[in-house]
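K.L.:
Okay, here's the prediction I keep looking at, along with the sequence it came from:
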Amino acid sequence: MPFAAKIYYFAHEAEEQIKKRPPVILLHGAGGNHLSWPPQIRRLPGATVFALDLPGHGKSEGMGRQSIDEYVDDVAALMKELKIRAAVFVGISMGSAIALSLALKHPKKTLGLGLVGSGAKLRVAPSILETAGNPNTFESAVEEINSNCFSANAPQNLLQLSKQSMMEIRPPVLLGDFLACNTFDVFNGLEKITAPTLILCGTEDKMTPVKYSEFLRDKIKGSTLHMIENAGHMAMAEQPDKVAELLSQFIGKIPLRVKRTLKTDSVADTRIETDKTSDGSG
């Protein structure tokens, strides 16, 4: 399995090695993993996409983190090891907080931002902070989180798969994620962001309501906001084709200013695993 800086990553190479678009790094949300992103997004046309399992999540070992800045350092370490000089960061919820912080802390590494279910602050309900880290109340925390992540018309099988995935994470890791979200605050830094920015928000997002995304749009110069109909917080899970289309159009307009290189020039590099699945199972 491919690892860099102790982080598992799932890489999809651009077709026929034609890299006309900048590399993309996908950052999952609290309690998620690289499979939080549907295949349509993990395989954006013409781009090399890296979907990460942050420390303590999915196939990555470790205890997870309790601050967004620590996760930022993890992503920067992975980029250094893979020799990715700059990328477009696409994040959902906690992942969007990591993306925003990367743009502020490492502007030269940031070619663009794709923010899904995002906000300048991500305050967490006290009930989740009280229950997420306790094995005896962990499932009730997952139930509360999951029920607020999807729209009213989301398929039951999608909700069930989401719950099963989150139940696989260790309670201390999930709690750490929400502690990181709860202290995240770039309220006064957004005007410093100069990278092209696409903001996506489900019209039925209960976790980060529309006003959060509108604030980002108003404060990040030149940013664009698109509302995703019939979707909640996990807009990319409920409307994968629409989100993939918007991301592809956005990334296609970002100039490839720097050359991405791996430790070898071969697509067969043993640290690269190409996404060949056609469904959400891999």
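P.N.:
Nice, I can see it.

K.L.:
shaky segments in the stretch 1-150 of the chain?
P.N.:
Residues of the stretch 1-150 of the chain that meet the criterion pLDDT under 70 lie in 15-19.

K.L.:
what about the helices in it?
P.N.:
Ranges of helices in the stretch 1-150 of the chain, per DSSP state H, counting those that start in this stretch, are 39-42, 68-82, 94-105, 126-131, 138-147.

K.L.:
Tell me the buried residues in the longest one?
P.N.:
What that stands for is helix 68-82. Going by neighbour count (16 or more other Cβ atoms under 10 Å), the buried part of helix 68-82 is Ile68, Tyr71, Val72, Asp73, Asp74, Val75, Ala76, Leu78, Met79, Glu81, Leu82. Just so you know, the C-beta spots here come from the backbone N, C-alpha and C atoms, and that holds for glycine as well.

K.L.:
so, if you compare those, which one comes nearest to Glu130?
P.N.:
Distance to Glu130 across those (Cβ to Cβ) is lowest for Ile68, with 21.0 Å.

K.L.:
Pretty sure that closest one sits against Ile98.
P.N.:
Yes - using Cβ atoms under 8 Å, Ile68 is in contact with Ile98, at 5.8 Å.

K.L.:
Output the helices of the stretch 1-150 of the chain in TSV, with distance to Asn157 appended to each entry.
P.N.:
Shown next, in TSV, are these (distance: least, Cβ to Cβ, whole Å):
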stretch	distance to Asn157
helix 39-42	16
helix 68-82	30
helix 94-105	24
helix 126-131	24
helix 138-147	13
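
K.L.:
what about the ones you listed, which gets the closest to Asn33?
P.N.:
Per Cβ to Cβ, nearest to Asn33 of those: helix 94-105, 10.9 Å.

K.L.:
That closest one - contacts with which helices or strands?
P.N.:
Under the contact definition 3 or more Cβ pairs under 8 Å, 6 or more residues apart in numbering; DSSP states H and E, helix 94-105 sits against strand 24-27, helix 68-82, strand 87-92, strand 110-116, helix 171-183.

K.L.:
repeat that for 6 Å
P.N.:
Secondary-structure packing of helix 94-105 (3 or more Cβ pairs under 6 Å, 6 or more residues apart in numbering; DSSP states H and E): strand 24-27, helix 68-82, strand 87-92, strand 110-116.

K.L.:
Next, the buried residues of it.
P.N.:
For helix 94-105, a neighbour-count test (16+ other Cβ under 10 Å) marks Met94, Gly95, Ser96, Ala97, Ile98, Ala99, Leu100, Ser101, Leu102, Ala103 as buried.

K.L.:
And for stretch 135-146?
P.N.:
Within stretch 135-146, the residues that count as buried by 16+ other Cβ under 10 Å are Phe138, Ala141, Val142, Ile145, Asn146.

K.L.:
same check, this time on stretch 155-163
P.N.:
Residues of stretch 155-163 classed as buried: Leu159, Ser162, Lys163 (neighbour count, 16+ other Cβ under 10 Å).

K.L.:
Same check on stretch 165-172?
P.N.:
By neighbour count on 16+ other Cβ under 10 Å, the buried set for stretch 165-172 is Ser165, Met166, Ile169, Arg170, Pro171, Pro172.

K.L.:
Include distance to Leu26 when you put the buried residues of helix 68-82 into TSV, please.
P.N.:
TSV is the format used below for the buried residues of helix 68-82 (distance: Cβ to Cβ, whole Å):
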residue	distance to Leu26
Ile68	16
Tyr71	13
Val72	15
Asp73	18
Asp74	14
Val75	11
Ala76	16
Leu78	12
Met79	13
Glu81	17
Leu82	14
